[in-house]
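Enquirer: model the following, please.
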Amino acid sequence: MSEIRRRGRMPAVSDADIRRVARSLLVEQGPDAITLRAIARELGITAPALYRYYESRECLVSAVRTEVCADLAVYLAAGLDGLPDDAGIRFFAICRGFRRWSLTHAQEFTLVFASPAAAGIDSAMRQFGEPVGRLFLEAAGRLLSDYDVVTPPTELIPAELRDDLVGFQTDLLRVLAESGQKFPAEKLDLGVSYVMIQFWARLYGHVTLEVFGNYPIHVTHPDVLFDSTLADIGRTIGIGVG
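Expert: As a prediction, this is how the structure comes out:
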């Protein structure tokens with residue numbers, strides 16, 4: 001061992017090194033494995049040295065989460081290459097891509113979409129300005145522009161939900177205005193807001209059950225079940241699934 005090592009000099013590390021190790025721990029052991037102590041051990045440094053880059057574990061986890069979301073957005077966008085320029089086909093292709101990614105990235109899915117907000121981790125889809133949210137919103141906007149989407153009459157929407165839906169509209173329109181996305185704001189009424197929330201709940205719920213193996217029965221052909229679910233959702237809003 002050199003004199004320098006004996007004196008305890010630590011190897012130089014970068015922010016990229018820290019996030020690389022954090023991602024590796026996430027994939028191999030899950031979100032709870034992302035700790036400053038574990039990362040420091042892997043990098044051969046002391047845990048306090050990591051505070052030069054991150055104020056807390058929560059800040060590091062947030063950075064990893066943001067990186068995962070960016071990677072997912074790239075994956076979903078790549079899945080659109082070569083597809084016809086049809087809003088319905090492309091929207092449902094994004095839904096299928098989200099499922100494929102989730103099933104092959106279970107730990108990343110857990111971190112981003114299935115971790116409690118109380119742990120300092122929020123759902124990507126609640127952050128409309130993020131890459132994943134923007135991708136879904138752009139596709140949904142084209143769907144509303146190109147198709148006559150069937151929505152329930154206002155009187156059929158539970159009155160207890162309307163304040164929440166109005167809040168959703170307000171937040172969504174603000175993000176759309178800030179991002180410059182082409183979204184037909186005049187079509188964003190309570191019915192559309194209600195359909196969007198219902199759609200996401202069914203898509204997310206289906207994928208979550210698959211990722212965690214929580215279906216109440218054994219499904220021999222899960223792809224067929226998922227496609228039939230998409231088809232059913234499409235029928236409820238008057239759109240065929242390509």
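Enquirer: secondary structure element for Ile239, which one?
Expert: Using DSSP states H and E, Ile239 sits within no helix or strand.
Enquirer: and it, how many neighbours?
Expert: By the measure other Cβ atoms under 10 Å, the count of residues near Ile239 is 20. The C-beta positions use only the backbone N, C-alpha and C, and glycine is treated the same way.
Enquirer: can you verify my assumption that it contacts Ile89?
Expert: No. The pair Ile239 / Ile89 is not scored as a contact, 10.2 Å apart, by Cβ atoms under 8 Å.
Enquirer: distance check, the residue lying closest to Thr154 once chain neighbours are set aside against Pro152.
Expert: Spatial nearest neighbour of Thr154, excluding adjacent residues (Cβ to Cβ, 6 or more residues apart in numbering): Leu190 at 5.4 Å. Taking Cβ to Cβ, to the nearest Å as the measure, Leu190 falls 9 Å from Pro152.
Enquirer: of these two, who's got more company?
Expert: More neighbours surround Leu190 than the other of Leu190 and Pro152, with 18 against 15 (other Cβ under 10 Å).
Enquirer: and the pLDDT at the more buried one?
Expert: On pLDDT, Leu190 comes in at 91.
Enquirer: enumerate every residue touching it.
Expert: By Cβ atoms under 8 Å, 6 or more residues apart in numbering, Leu190 lies in contact with 154, 157, 162, 165-166, 169.
Enquirer: reformat the residues you listed as TSV; add neighbour count and secondary structure.
Expert: Formatted as TSV, the contacts of Leu190 follow (neighbours: other Cβ atoms under 10 Å; DSSP: H, G, I helix; E, B strand; the rest coil):
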residue	neighbour count	secondary structure
Thr154	13	helix
Ile157	17	coil
Arg162	14	helix
Leu165	20	helix
Val166	12	helix
Gln169	17	helix
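Enquirer: turn the residues you listed into CSV, including distance to Pro216 and pLDDT.
Expert: Shown next, in CSV, are the contacts of Leu190 (distance: Cβ to Cβ, whole Å; pLDDT from 0 to 100):
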residue, distance to Pro216, pLDDT
Thr154, 35, 89
Ile157, 29, 94
Arg162, 33, 94
Leu165, 30, 92
Val166, 35, 90
Gln169, 35, 85
